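> how would this look folded up:
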Amino acid sequence: MIIAELLRKLNNSLTPLLGELAQSGAELIIEYSLNISRVQIYTESTKEITEEELSRIESVLKRRLDSEPLQYIFGKAYFYDREFFVNRDVLIPRPDTETLIETVLSGEKDNKTAYFVDIGTGSGIIPAILTANNPLWSAIAIDISLNALKTASRNVSNGVKLLCADMLSAFKLASQFDFIVSNPPYISSSQMKTIDKSVYDYEPHSALFGGEDGLNFYREISSKAPKYLKDGGRVYFEIGYDQGESVPKILRGGGWKNITVIKDLAGRDRVVKAIL
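Sure, this is the predicted structure:
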């Protein structure tokens, strides 16, 4: 079998699951499995595929048809022009989080040095990218899941210290951080019932479910974060598309000022920034 024939076969097999996205899904399987670029799929379309390669691809296809995300199958995800290690202990990075990162980089652009904490770090992509862009910044990345932190350890640099804790509970020293960033669990009970099978069956529910109304973690961080921030400290939250009013309301109730809601590229509310 040649690559062109394989591409058609995968496309046909994936269409019932992915619809219009089947072609790109087929391309990704070939890219990952054969370690070639998308361009090579078409410029080397007549290249023969070995039996070993075909067997590996059929195994990947079977898992994908069971709705398992490709990122978990191959153990890596591309985000912010970088490759990160991922597994089922952490969420798959999503483009929405780029808005959070860009907001922090913009809001803190005048700070050559900064000490910050990432609450619910998961795979560690947020502090990894922030410290890569600002080598004099340092961070503590917190997660309640030890397995998530083991994953994060493969993605972060020496400027990021990992801490297994329930949010801010492990800190004793007050007024130490310049800012706090968090992409917390924010899916509500009703939304959990409607999320895609590939998410519900494979991604960690503890990193998705934010309580009955999806706001539990915002309440907790809003009330406790001021103790650990320097004067004028900032908080940056990623939020659900429907939380552009509810999260700022929580922050106003906690005495935060200069609360700003930032939209993502699709025009949906995605990030909230506030100042202590």
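
> who does the longest strand anywhere in the chain pair up with?
Longest strand of the chain, by residue count under DSSP state E: strand 229-238. Paired with strand 229-238 in the same sheet, following DSSP bridges, are strand 177-182 (parallel), strand 269-275 (antiparallel).

> and of those, who's closest to Ile29?
Taking C-beta to C-beta, strand 269-275 is the member of the strands paired with strand 229-238 nearest to Ile29, at 29.8 Å. Every C-beta, even on glycine, is put in place using the N, C-alpha and C of the backbone.

> can you give me how far that closest one is from the chain middle?
17 Å (C-alpha atoms, centre = their mean, to the nearest Å).

> Put the alpha carbons of it into PDB.
Written as PDB, here are the backbone C-alpha positions of strand 269-275 (Å, rounded to 0.1, in the frame of the first residue of the first chain):
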ATOM      1  CA  ASP A 269     -15.000  35.700  26.800                       C
ATOM      2  CA  ARG A 270     -11.900  33.700  27.700                       C
ATOM      3  CA  VAL A 271      -9.700  35.500  30.300                       C
ATOM      4  CA  VAL A 272     -10.200  37.600  33.300                       C
ATOM      5  CA  LYS A 273      -7.500  39.900  34.800                       C
ATOM      6  CA  ALA A 274      -7.800  41.700  38.100                       C
ATOM      7  CA  ILE A 275      -5.600  43.700  40.400                       C
END
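
> just the helices in the chain please.
Assigned by DSSP state H, the helices in the chain fall at 3-18, 22-34, 38-43, 51-65, 70-74, 96-107, 125-133, 146-152, 189-192, 197-200, 216-224, 246-253.

> Pick the most deeply packed of those helices.
Across the helices of the chain, averaging neighbours per residue (mean count of other C-beta atoms under 10 Å) puts helix 125-133 on top, at a mean of 23.

> any residues touching that one, and which ones?
Helix 125-133 is contacted from outside by 79-80, 82, 84, 93, 97, 100-101, 104-105, 116, 118, 121, 137-139, 141, 155-157, 159-160, 181, 183, using C-beta atoms under 8 Å, 6 or more residues apart in numbering.

> Cheers, nothing more for now.
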